[in-house]
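Enquirer: how does the following fold in three dimensions:
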Amino acid sequence: MKPIKKITFTVIVLGAGIALGSIFDITAQGAGVTGQAGTADDPVVTKSYVDQQIQKALGGGTTTPTAPTTPTDNGNNNSGNNNSASSSDQVTIVTVKPGEKLIAAAGAEFIVRNGHAVIYSADSNGVADLTDGKDVTNGQAVGNNHLMSFPRAGRGIMVQDGVKSSLTVMVRGGYSIQ
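Expert: Numbers count the residues shown, from 1 in each chain. Alright, predicted model coming up:
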């Protein structure tokens with residue numbers, strides 16, 4: 001075929017495709033938006049409502065939703081008492097003075113909110129900085145607002161040498177001050 005004929009044939013085929021596509025404008029079944037969540041067509045329901053409907057369907061009748069329970073403190077929250085261990089999952093604000101060490105229990109998490117902190121570890125292993133995704137070893141600085149995870153007990157943080165101000169630390173999990 002000559003180039004002119006190829007171009008003419010291509011233009012005719014494309015033109016016919018566009019013409020047929022515009023004539024037969026049919027949307028796919030289910031492709032359209034049928035309704036938005038939260039409308040009468042598609043309501044948003046709570047878990048308790050779904051649980052009640054399941055109970056009705058299973059023949060158990062209606063159930064009354066139970067009130068959520070709040071965790072008890074058991075005296076482990078150390079806000080104001082910095083010399084005993086804590087094992088609470090609640091966040092506690094702890095102040096660490098120069099010369100003190102905030103020692104974490106296994107699985108504890110610290111966030112230094114204010115001050116200049118360094119890692120304390122009796123061995124060569126460090127602490128996971130989950131914000132930067134790296135391991136911080138003994139004596140290295142801890143960035144403010146970085147989430148630090150302590151996989152084993154006995155590691156912690158302390159005020160950097162030469163700094164006279166204290167640390168403000170958010171603590172989740174067990175800890176002690178030495």
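Enquirer: hey, where'd the strands end up in this structure?
Expert: Secondary structure of the chain (DSSP state E): strands at 91-96, 101-104, 108-114, 117-120, 127-129, 134-136, 141-142, 147-150, 156-159, 167-172, 175-177.
Enquirer: in this structure residue 105 contacts residue 152, no?
Expert: No - the pair residue 105 / residue 152 is not scored as a contact, 9.2 Å apart, by Cβ atoms under 8 Å. For the C-beta atoms, the positions are set from N, CA and C on the backbone; glycine is no exception.
Enquirer: which one of those two has more residues nearby?
Expert: residue 105 (19 against 14; other Cβ atoms under 10 Å).
Enquirer: chain neighbours aside, what residue packs nearest to the more buried one?
Expert: What sits nearest to residue 105 in space, not counting adjacent residues and going by Cβ to Cβ, 6 or more residues apart in numbering, is residue 174, at 2.8 Å.
Enquirer: now that neighbour: phi and psi?
Expert: phi -80, psi 150 (degrees, to the nearest 10).
Enquirer: okay, it: pLDDT?
Expert: Per-residue confidence (pLDDT) for residue 174: 90.
Enquirer: repeat that for residue 53.
Expert: Note on residue 53: pLDDT of 86.
Enquirer: hey, which of the strands of the chain is tucked in deepest?
Expert: Among these, the stretch with the highest mean neighbour count (mean count of other Cβ atoms under 10 Å) is strand 156-159, at a mean of 24.
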